[in-house]
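In: Predicted coordinates and the sequence they were generated for:
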Amino acid sequence: MAVQDPVAGPFQVFVRWRPLPASELPGTELQHSATQQDSKLSVSFSSSANPGRPETWKSGASYTHVFTAADDNSVVYEHVVAATLAHILKGVTCNFFAYGHSGSGKTHTIIGYDYERDQRLGLCLAAARDVFHALDRIIEFDMNRQADSKSRGEELGVAVRMYEVRGRYAYDLLNNGAECHVREGPDGRTHIRGQTEMLENGRVRVRPIAAKPCFSFEETRATILDGLAKRKTGSSSVHEESSRTHAVVELEVVNKTLLEARDAVIERESELVPVGKRATDIYLEEQMASLIRNSDGTYMPNPECPPNQTRIDAAEAEKKLYQDRLVAAEEAVVACFATTRHACLGGKFVFVDLAGSEYFDQNQQASTAPRQTMQEQKQGRQINTDLFALKEVIRARAQNQSRIPYRASPLTMVLRSHFEARGTSQEKPSRSAMILTVSSEEAMMAATRNTLKYGGLVGLAGGE
Ligand SMILES: Nc1ncnc2c1ncn2[C@@H]1O[C@H](COP(=O)(O)OP(=O)(O)OP(=O)(O)O)[C@@H](O)[C@H]1O
């Protein structure tokens, strides 16, 4: 049975203990328990590795629920994600993060390693399955009302985006791992843009992260598996490499009209580039032609050759025409939301498999981690920055601070639009949750404690 809206507050934190790896002897692990305090849980564990000096640790009460090693992915899904589907169907964005040490089960939780069996599907695949069940019901309802969604371009589906964030770049897993820049635009929004394509007539197209439209669960699953295959190429050590990137999977409810409207914006942008450049060139040409050089090297206007204002105005008028076409295309996107009868349009699940938290744990690094190359050290510092920034953003949001430090890292810049998403109406703020994946292996004690501490800071903020 689905649990009632677990992600109701601003930010909820869950703990998931993974089973001991087969290589570990049973009976040698940390002993752990959870204690209810008001509406939240605290976690404590003890180690008896050193019989002379048993060690115990207890967290604050910051967690919404603690999953045991016996809980499989379907149990986690029911508690954390299932009830949020109702929000997605109202156009809301729900974000889910997995945070933990390498090998603690982040990918197992978010994506899973069994793509067929219901009980073992990762959260993103189980969510895709349930979105399609819901969309099927909406389509059936439309058919009963003789409202043929398909012919009107309103056939509902899911646009899948999959990318890894590493350093200042995102790598588009549904576009051959293409490197994309993460930048803040003049509009204050973050743009993730791929390579510049030079087209005919001077048009310049810069595409955003690929959004692959899928119209069935099977198609969505195949798309996610395609993306995963890209995640693995180019890495000599898959497991290590996956720890060093943040992997994001987005599932957005879309229809064909919306997808076409967004494509039209990209086309209008590409058309504006040469026209805008021509207007600038003509202005500069006319200004230069109308200047004469003085003997001291300075310039002054040449009264006999004033700038050809008619030519400048004509170029500006043409530019304005293309700017208006772009604005009209952007308005058409907004109109898709305003005119649809499907409140679910734009509803989005965002799943983030964060880079291994060991990079955030400098003490652990110094003492036990193998020697790192310069490149790995740089990556480690960037991951630290990202994970610290994420915590600060979550806390600032929970405390309703006027300034949320999204710009502190590329990861938080990328996540900004998901945190700030408000569906089609201002009353629909996004909802978010984090799953801390931890291991009861003795060797992982410090990492487990650090993960619980990090999540504790995030969870306390959520409860304020
Ligand atoms: N809760 C769990 N139940 C069963 N197996 C698990 C669980 N958590 C992790 N595992 C297994 O442990 C191994 C490592 O897990 P996983 O790849 O998810 O770790 P990770 O935290 O994503 O690591 P990395 O950060 O290095 O990518 C996998 O074989 C996975 O199936």
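Out: Yes, it's here.
In: Show me the contact partners of stretch 131-142.
Out: For stretch 131-142, contacts defined as C-beta atoms under 8 Å, 6 or more residues apart in numbering pick out 85, 88-89, 148-149, 155-158, 216-217, 220, 251, 253, 342, 344, 349. To be clear about C-beta, it is placed using only N, CA and C from the backbone, and glycine gets the same treatment.
In: Tell me who's in contact with the residue of the stretch 101-250 of the chain found nearest the ligand.
Out: Closest residue of the stretch 101-250 of the chain to the ligand, C-beta to the nearest ligand atom: residue 105 (2.6 Å). The contact partners of residue 105, by C-beta under 8 Å, 6+ apart, come to 16, 18, 98, 437, 439.
In: Quick one, grab the pLDDT at it.
Out: Predicted confidence (pLDDT) for residue 105: 95.
In: Could you pull up the residues touching the closest residue to residue 62 other than its chain neighbours?
Out: Spatially, and ignoring its direct neighbours in sequence, residue 62 is nearest to residue 459 (3.1 Å; C-beta to C-beta, 6 or more residues apart in numbering). Counting by C-beta under 8 Å, 6+ apart, residue 459 touches 11-13, 40, 62-64, 434.
In: Now intersect the contacts of stretch 131-142 with the strands, please.
Out: Judged by DSSP state E, the contacts of stretch 131-142 include 156-158, 251, 253, 349 as members of strands.
In: The ligand contacts on the chain?
Out: With C-beta under 6 Å from any ligand atom as the criterion, the chain meets the ligand at residues 18-19, 100, 102-108, 113, 239, 242-243, 356, 437.
In: Using ChimeraX, define a selection of the buried residues within these.
Out: Command for ChimeraX that selects the buried part of these, burial taken from 16 or more other C-beta atoms under 10 Å:
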select :18,100,102,103,104,105,106,107,108,242,243,356,437
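In: Identify, from the residues of the chain next to the ligand, the entry nearest to residue 177.
Out: Nearest to residue 177, judged by C-beta to C-beta, of these is residue 242 at 13.5 Å.
In: any weak-confidence spans in the stretch 101-250 of the chain?
Out: 145-153, 232-242 (pLDDT under 70).
In: Mind doing that once more with 50?
Out: Along the stretch 101-250 of the chain, segments meeting pLDDT under 50 span 234-238.
In: For the helix or strand where residue 313 lies, buried residues please.
Out: Here residue 313 sits within helix 309-339, counting by DSSP states H and E. Under the neighbour-count criterion of 16+ other C-beta under 10 Å, helix 309-339 has 312, 315-316, 319, 322, 325-326, 329-330, 332, 336-337 buried.
In: cool, and stretch 247-265?
Out: Residues of stretch 247-265 classed as buried: 247-259, 261-262, 264-265 (neighbour count, 16+ other C-beta under 10 Å).
In: How far away from the center of its chain is that stretch?
Out: Between the centre of stretch 247-265 and the centre of its chain there are 15 Å (C-alpha atoms, centre = their mean, to the nearest Å).
In: Quick check: end-to-end length of it?
Out: 27 Å (C-alpha to C-alpha, to the nearest Å).
In: Ok, stretch 113-122 next?
Out: In stretch 113-122, first residue to last residue: 7 Å (C-alpha to C-alpha).
In: what are the ranges of the strands in the stretch 301-450 of the chain?
Out: Along the stretch 301-450 of the chain, counting by DSSP state E, counting those that start in this stretch, strands occupy 348-353, 431-439.
In: Now these in a markdown table, please, with extra columns for distance to residue 211 and mean pLDDT.
Out: Rendered in a markdown table, the data for these read as follows (distance: least, C-beta to C-beta, whole Å; pLDDT from 0 to 100):
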| stretch | distance to residue 211 | mean pLDDT |
| --- | --- | --- |
| strand 348-353 | 11 | 96 |
| strand 431-439 | 21 | 93 |
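In: Looking at these, which one is packed in the most?
Out: strand 431-439 (a mean of 27; mean count of other C-beta atoms under 10 Å).
In: element containing residue 43?
Out: Counting by DSSP H and E, residue 43 is part of strand 40-47.
In: Which SSE is immediately downstream of that strand?
Out: strand 55-58.
In: who does that following strand pair up with?
Out: Strand pairing for strand 55-58, using DSSP bridges, gives strand 40-47 (antiparallel).
In: Helices of the stretch 51-200 of the chain, residue ranges please.
Out: 73-80, 85-88, 106-110, 123-144 (DSSP state H, counting those that start in this stretch).
In: Quick check: which of the ones you listed is buried the most?
Out: Most buried of these, by mean neighbour count (mean count of other C-beta under 10 Å): helix 106-110, with a mean of 24.
In: hmm, who's touching it?
Out: 16, 18, 73, 76, 96, 98-100, 113, 122-124, 242, 247, 249, 351-354, 356, 435, 437.
In: Repeat the analysis, applying 10 Å as the threshold.
Out: 14, 16, 18, 67, 72-73, 76-77, 80, 96-100, 113-114, 120, 122-125, 228, 231, 239, 242-243, 247-249, 351-357, 435-437 (C-beta atoms under 10 Å, 6 or more residues apart in numbering).
In: any idea how far residue 320 is from the ligand?
Out: Distance, residue 320 to the ligand, using C-beta to the nearest ligand atom, to the nearest Å: 51 Å.
In: what residues are up against that residue?
Out: 275, 279.
In: Can you tell me how far it is from residue 313?
Out: Using C-beta to C-beta, to the nearest Å, residue 320 is found at 10 Å from residue 313.
In: shared neighbours of those two, anything?
Out: residue 279.
In: Ramachandran coordinates for the residue in the stretch 351-464 of the chain positioned nearest to the ligand?
Out: Residue of the stretch 351-464 of the chain nearest the ligand, by C-beta to the nearest ligand atom: residue 356 (4.0 Å). Main-chain dihedrals, residue 356, degrees, to the nearest 10: phi -50, psi 130.
In: That one is in contact with residue 243, isn't it?
Out: Yes: between residue 356 and residue 243 a contact is recorded at 3.6 Å, counting by C-beta atoms under 10 Å.
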